[in-house]
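*Asks:* Could you work out the structure for the sequence below:
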Amino acid sequence: MVILDSLRKDHVGAYGNPWIKTPNLDALAKESLRFAQPYPESLPTICARRAIHTGIRTWPFRDWHPPKGEDVWRYGWQPIPEGQTTLAEILGGQGYQTMFVTDTLHQFKPSYNFHRGFDVFEFIRGQTRDRYRPDWTLPWEKMRKTMATVRGSMRQYFANTAGRKTEEDWFAPQVFMRSSEILEAASEAQPFFMVVDGYDPHEPWDPPQKYIDLYDGDYDGGEPYVPREGSSDYLTARELKRMRALYSAEVTMTDRWLGRFLEKIDELDLFENTVIILLSDHGHALGEHKIVGKPVQALWPELTDIVFLIRHPEGKSAGRTSDYYASTHDVAPTILGMLDIEAPEPMDGQDLSVILGGGEPESRDHFSLGYHNFVWARDESYVYFSRNDGAKAKLYDVRADPEMRNNRAVDHPDVVKSMFEDYVLRDAGGSLPRYPKLPAYAR
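*Replies:* Next comes the predicted model:
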C-alpha cells in the first residue's frame with residue numbers, strides 16, 4: 001500500500017491532467033482498477049490514516065480526545081483508539097511479515113501509535129515542523145529567498161534539511177529508496193504486508209530546480225514554499241502561478257521516485273503475486289476558489305478529490321474505471337477480502353475487491369464525510385457542504401457545474417435540507433458533536 005499525502009486527483013495524467021508529468025502513476029493506472037470518484041471518509045492527515053489502517057470511520061468524530069500537547073486542532077485528530085484493531089495486527093496474526101516506512105511526521109509523535117502491528121517500521125525524520133534539528137541552525141540564504149509572509153513557518157524545515165547535497169537527500173527519494181531496501185529483504189520472507197507512506201507532495205514545496213523548471217521560467221520573487229492558509233488575496237497572480245508550479249514540481253518528483261520503487265518491484269518479480277493499492281488522503285487548494293491551503297470550510301474538489309488505484313497481480317480489471325464512491329475506510333476490508341481473511345470485528349468500509357471479479361459492493365447512492373466541524377455530502381446531482389450545525393451551507397449542481405463555481409443553496413433550500421438531514425445526519429447516526437474552544441475561523 002502506497003499513500004501519497006495531498007496528491008490532487010486533477011494533477012495526475014491518468015485522471016485527465018494534460019500537462020503535469022506523472023508517467024509512473026499513469027503507467028500504474030493502466031494496469032489497475034481506477035476509481036473515478038473516490039473521497040476520504042474524513043480529513044485531514046491523521047483522520048484519513050486512522051480509517052485506512054482500521055477500516056473504521058473516524059467521522060462524525062465522537063469521543064475526540066486530542067493528546068496532551070497536540071498542536072493540530074482538528075476533530076478526530078488523535079491516535080488509533082486502543083479498542084480498534086489495525087490491518088497490520090490482523091495480517092501479522094496470519095503469518096504476514098509487516099513493514100512500514102514513512103516520513104509523515106504526525107505519525108511518530110510520542111503519543112501516537114500508527115506503527116502498531118508492524119514488525120519493522122522506519123520513521124524518516126525532518127519533514128516540515130518535525131523537531132529534528134535546532135531551528136537556529138537554518139541556512140539564512142534559504143530564508144532570504146522565501147516569501148516574507150511564510151518565513152516563520154519555514155524555519156524548522158530549513159534547519160532539518162540544511163545538509164542536503166543531492167536529490168537522494170530529498171524526502172520522496174528517501175522514502176522510496178528505503179522502502180526498496182526493505183522490500184528486497186521482504187521478498188525473501190513472504191507473505192508480507194508493506195505500507196509506504198510518503199508525505200510528498202505535501203508542502204513545503206521545494207523540489208530540486210530541474211523539476212521547477214518544467215513548470216515555470218524566470219522568477220525573482222519570494223518563494224511561496226508553503227501557503228498562508230485561507231484567502232489567496234495576499235498573493236499576486238505571478239506568486240500564485242509560482243505556487244502552482246512548485247506544487248506541480250513536487251508531484252513530478254514524487255512520481256519519479258515512485259517509479260524507482262515500482263522498478264524494484266519488477267526487478268524482484270513481485271508484480272506476479274503482489275497486490276498494489278495506491279491512494280492519497282486529500283488534496284490542496286491552490287487558488288481555484290480564491291483559497292490556498294486546506295481550510296476546513298473549503299470542501300471543493302481541490303480538497304476532497306483523491307487518487308485511488310488497485311493493481312491485481314492477475315490483471316483483474318486492469319484499465320477499468322469504477323464510479324463507485326470508494327473511500328479510505330474501504331482499504332482494510334478490501335485487502336482482507338482479497339486474502340480471504342475475516343476481520344476480528346466488523347469494519348465500516350466495503351470490500352472493493354468484488355469489483356475486480358465483476359461484482360458490486362454494497363450500493364452507495366451518496367457519500368458523506370467530515371473535516372473538523374464541517375460536513376460534506378454528494379450524490380449524482382449535487383454536492384453540499386456546511387458547518388456541522390447546518391450553517392454556512394453551499395450547494396452545487398455538479399451535472400451543470402462540475403468545478404463548483406455557482407452556489408445554489410439559496411435557490412434550492414429543499415435540497416439543502418434534504419442533504420443535511422437525509423445524508424449527513426442519517427449517516428452520522430444522529431446529531432453531530434461540537435467541542436469547545438474552537439479557533440476563531442471555525443466559530
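
*Asks:* how long is stretch 7-24 from one end to the other?
*Replies:* 14 Å (C-alpha to C-alpha, to the nearest Å).

*Asks:* Run the chain-centre distance for it.
*Replies:* What separates the centre of stretch 7-24 from the centre of its chain is 15 Å, taken as C-alpha atoms, centre = their mean, to the nearest Å.

*Asks:* Not counting residues beside it along the chain, what's closest to R378?
*Replies:* F367 (5.8 Å; C-beta to C-beta, 6 or more residues apart in numbering). C-beta here means a position set from N, CA and C on the backbone, and glycine is covered the same way.

*Asks:* What separation do you get for the one you found and V375?
*Replies:* Per C-beta to C-beta, to the nearest Å, F367 is found 12 Å from V375.

*Asks:* So for those two, which sits in the more crowded spot?
*Replies:* More crowded of F367 and V375, by other C-beta atoms under 10 Å: V375, with 28 against 21.

*Asks:* Who are the packing partners of the helix ranked longest in the chain?
*Replies:* Looking across the chain with DSSP state H, the single longest helix is helix 237-267. Under the contact criterion of 3 or more C-beta pairs under 8 Å, 6 or more residues apart in numbering; DSSP states H and E, helix 237-267 touches strand 2-4, helix 23-30, helix 171-186, helix 209-212, strand 285-286.

*Asks:* Any buried residues in it, and which?
*Replies:* 239-259, 261-262, 264-265 (16 or more other C-beta atoms under 10 Å).

*Asks:* my guess is V307 meets T22, correct?
*Replies:* No: if you go by C-beta atoms under 8 Å, V307 and T22 don't touch, sitting 9.7 Å apart.

*Asks:* how far away is E181 from V196?
*Replies:* In terms of C-beta to C-beta, E181 sits 12 Å off from V196.

*Asks:* Could you give the separation of the helix-or-strand element of the chain with minimal mean pLDDT from the chain centroid?
*Replies:* Here the helix or strand of the chain ranked lowest by mean pLDDT, DSSP states H and E is helix 140-144, holding a mean of 91. Chain-centre distance of helix 140-144: 30 Å, with C-alpha atoms, centre = their mean.

*Asks:* do stretch 149-167 as well
*Replies:* For stretch 149-167 - counting by C-alpha atoms, centre = their mean - the centre lies 23 Å from the chain centre.

*Asks:* Next, the distance between the ends of it.
*Replies:* Across its full length, stretch 149-167 reaches 27 Å end to end, with C-alpha to C-alpha as the criterion.

*Asks:* now stretch 395-405
*Replies:* Stretch 395-405: ends 10 Å apart by C-alpha to C-alpha.

*Asks:* ok, back up a step: so for D269, which of the helices and strands packed on helix 237-267 sits nearest?
*Replies:* Closest approach to D269 among the helices and strands packed on helix 237-267 (C-beta to C-beta): helix 171-186, 11.7 Å.

*Asks:* in that closest one, what counts as buried?
*Replies:* Neighbour-count burial for helix 171-186 [16+ other C-beta under 10 Å]: 171-180, 182-183, 186.

*Asks:* How about stretch 381-393?
*Replies:* 382-388, 393.

*Asks:* the helices in the stretch 1-150 of the chain, which residues?
*Replies:* Along the stretch 1-150 of the chain, the segments classed as helices by DSSP state H, counting those that start in this stretch run 23-30, 45-54, 87-93, 140-144.

*Asks:* so what secondary structure elements neighbour the last one?
*Replies:* Read that as helix 140-144. Short answer (3+ C-beta pairs under 8 Å, 6+ apart): helix 140-144 packs on helix 151-160.

*Asks:* Residues touching the helix it packs on, excluding its own?
*Replies:* Contact with helix 151-160 is made by 125-139, 142-143, 146, 204, 225-226, as judged by C-beta atoms under 8 Å, 6 or more residues apart in numbering.

*Asks:* Repeat the analysis, applying 10 Å as the threshold.
*Replies:* 105, 125-147, 171, 203-204, 206, 222-223, 225-229 (C-beta atoms under 10 Å, 6 or more residues apart in numbering).

*Asks:* Sticking with S386, tell me its helix or strand.
*Replies:* Here S386, judged by DSSP states H and E, is contained in strand 382-387.

*Asks:* Skip ahead from that strand and say which helix or strand is next.
*Replies:* With DSSP H and E, the next secondary element past strand 382-387 is strand 394-397.

*Asks:* Which of the residues in whichever helix or strand comes after that next one are classified as buried?
*Replies:* The helix or strand immediately downstream of strand 394-397 is helix 413-418, counting by DSSP H and E. Of the residues in helix 413-418, 415-416 count as buried by neighbour count, 16+ other C-beta under 10 Å.

*Asks:* and helix 413-418, what other elements does it pack with?
*Replies:* When contacts are defined as 3 or more C-beta pairs under 10 Å, 6 or more residues apart in numbering; DSSP states H and E, helix 413-418 sits against strand 382-387, strand 394-397.

*Asks:* Adding mean pLDDT and distance to P110, write the ones you listed out as CSV.
*Replies:* Listed next are the helices and strands packed on helix 413-418 as CSV, based on pLDDT from 0 to 100; distance: least, C-beta to C-beta, whole Å:
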stretch, mean pLDDT, distance to P110
strand 382-387, 98, 33
strand 394-397, 98, 39
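
*Asks:* closest to K68 out of those strands?
*Replies:* Nearest of the helices and strands packed on helix 413-418 (C-beta to C-beta): strand 382-387, 27.4 Å.
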